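*Asks:* here's a sequence, model it:
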Amino acid sequence: MDGSSAGDALEEFARLLRRASQQLDEAITARLGEPTVARWHVLAALYGGSGLSMSELSELTPLTGASLTRLIDAMVSDNLVQRKVDPLDRRRVLVSRTRRGTLAYQKMRRSLEGTALETIPGARPQLIGELTTVLEFLRAEHPDAAIGASRPTG
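*Replies:* A predicted model of the protein is given here:
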């Protein structure tokens, strides 16, 4: 980076990441359709796990609050997800995929297999390069931070 501060780099990274995320959602929407992209986000977040709380789903998807609750309600009605009381904390409710939800997610993934990052307008190597440059700068500035580290899945 050209003498920028870590704060400037972080702001630029956030802006570029939002732009890339919006473009990715547009490409997914073009393949799956508008109402389905939100369901894809939820089903992808629930992949391979024993369930997530609503706050965990909110952290892992672009959906928040009432929008997420309405979507989960609709997905429960469509038998794509189910709500269960957390066996470790009876005050918490966990959302998990049903068999039908798993099948729907697998179908969505097959539909998206032809969607490469290169097909997203504006997400050409320039955007990828910019994101990489800013991420590398942040990692160099904060070597002890887990910047860019992947989260464990489960």
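*Asks:* separation between the one residue sitting closest to the centre of the chain and Arg70?
*Replies:* Nearest to the geometric centre of the chain sits Thr61, at 4.5 Å (Cα atoms, centre = their mean). Distance, Thr61 to Arg70, by Cβ to Cβ, to the nearest Å: 13 Å. All C-beta atoms are positioned from the backbone trio N, CA, C, and that covers glycine.
*Asks:* repeat that for Val93.
*Replies:* Distance from Val93 to Arg70, by Cβ to Cβ: 16 Å.
*Asks:* how about low-confidence regions in this protein?
*Replies:* Residue ranges of the chain with pLDDT under 70: 1-4, 34, 114-128, 144-154.
*Asks:* all strands for it, in order.
*Replies:* 81-85, 93-97 (DSSP state E).
*Asks:* what packs against the first one?
*Replies:* Right, the one you point to is strand 81-85. Identification of packing neighbours for strand 81-85 by 3 or more Cβ pairs under 8 Å, 6 or more residues apart in numbering; DSSP states H and E yields helix 65-77, strand 93-97.
*Asks:* so how far is the shortest one off the chain centroid?
*Replies:* For strand 93-97, the distance from its own C-alpha centre to the chain's C-alpha centre is 17 Å (Cα atoms, centre = their mean, to the nearest Å).
*Asks:* what packs against that strand?
*Replies:* Contacts defined by 3+ Cβ pairs under 8 Å, 6+ apart place strand 93-97 against helix 54-60, strand 81-85.
*Asks:* over to the longest one?
*Replies:* When contacts are defined as 3+ Cβ pairs under 8 Å, 6+ apart, helix 65-77 packs onto helix 34-45, helix 54-60, strand 81-85.
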